[in-house]
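# What follows is a protein structure lacking sequence information:
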């Protein structure tokens, strides 16, 4: 059912339409009533809703995450169950150096975890700077469902997790700790972004009712300053879901995604009429324009709309995604901006 968004006024929509020339929703000029009240632009709602179920997730590791998500669907789960169980698989892979307790630590050698989750009703939960818990995405779901809050951080998030029955886990990845000790030799305080196949797991799911949810989880930037939080657990940056329109998730250097409200931007572009692919491309182009002097970083976006159309685009070559749709679960390379 079509709705109106009070925050998106006709005047703002006109600016968006003028700025993004390739979009089809250009008729967003300001409209005033007899009382001179600014009216919102009508939302562009897909005429068809895909009800076959699908999962799309970041990087090659998304193949296994997709499988777990699909099992949840076949067991009668919702899109939210799919999102949670999908990223749980990656969190439990202790050989993964960028997600979960096996991830590369901060400068002090401690692994801190960030995650968020969002359902088809607009509810969201997030944990940041969480230690010693295997499944931060599941803790984020508990924050969403069992507290009046969206975000819990650090010791508070940890104590909440224990109160909800999550177990303390002392695991420290041997490979990650070895890499950290080698890094300490020079201690070069410089963000290191893996350009190939290792980073956040962001997953978008659609169930057979056509409802959409998503989850995003990571151990964050390797050798980060203690307390640093990237885009992954931030609603609107690492993940955003609007069940009326679609959803988006991001991967890569979180700072540039946060500054652009990347995933929210992708969904809002789709709201104005862009396809998921066009929306992902515009978000990357905007980041490139905002950060002209950045060279050694990667950012990628995934998106899906209600019609089951998907989009994938990255700043540079190397970003891959896994798509489970129509009985096939395969990895694909995304398009990219930087030649």
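Yep, it's here. Fair warning: this is a prediction, and the values are worked out from it, not measured in the lab.
# Now do the contacts for residue 220.
Listed by CB atoms under 8 Å, 6 or more residues apart in numbering, the contact partners of residue 220 are 103, 106, 112-114, 228-230, 232, 254. The C-beta positions use only the backbone N, C-alpha and C, and glycine is treated the same way.
# That one and residue 62: what is the separation?
Using CB to CB, to the nearest Å, residue 220 is found at 19 Å from residue 62.
# which stretches of the stretch 51-200 of the chain have low pLDDT?
Within the stretch 51-200 of the chain, the stretches with pLDDT under 70 are 189-199.
# For this structure, which segments are assigned as strands?
Ranges of strands within the chain are 54-58, 113-118, 124-130, 151-153, 201-206, 212-218, 239-242, 246-252, 299-305, 310-316, 320-325, 328-333, 335-338, based on DSSP state E.
# Burial check on residue 288, number of neighbours?
For residue 288, the neighbour count with other CB atoms under 10 Å is 16.
# Residue 172 - nearest residue in space that isn't next to it in sequence?
residue 111 (7.1 Å; CB to CB, 6 or more residues apart in numbering).
# In contact with that neighbour, which residues are there?
With CB under 8 Å, 6+ apart, residue 111 has these contacts: 101-105, 131, 172-173, 176, 219.
# 10 Å instead, please
By CB atoms under 10 Å, 6 or more residues apart in numbering, the contact list for residue 111 reads 100-105, 130-132, 171-173, 176-177, 180, 219-220.
# So what does it look like in phi/psi?
Residue 111 adopts backbone torsions of phi -90, psi 120, taken as degrees, to the nearest 10.
# I'd like the distance between it and residue 234.
19 Å.
# Next: residue 335.
Counting by CB to CB - residue 335 and residue 234 are separated by 25 Å.
# so how far is residue 256 from residue 293?
12 Å.
# so how many other residues sit close to the residue lying closest to residue 203 once chain neighbours are set aside?
Spatial nearest neighbour of residue 203, excluding adjacent residues (CB to CB, 6+ apart): residue 57 at 4.0 Å. By other CB under 10 Å, 33 other residues sit near residue 57.
# Look at stretch 97-108 and report the distance between its end residues.
Taking CA to CA, to the nearest Å, stretch 97-108 runs 16 Å from one end to the other.
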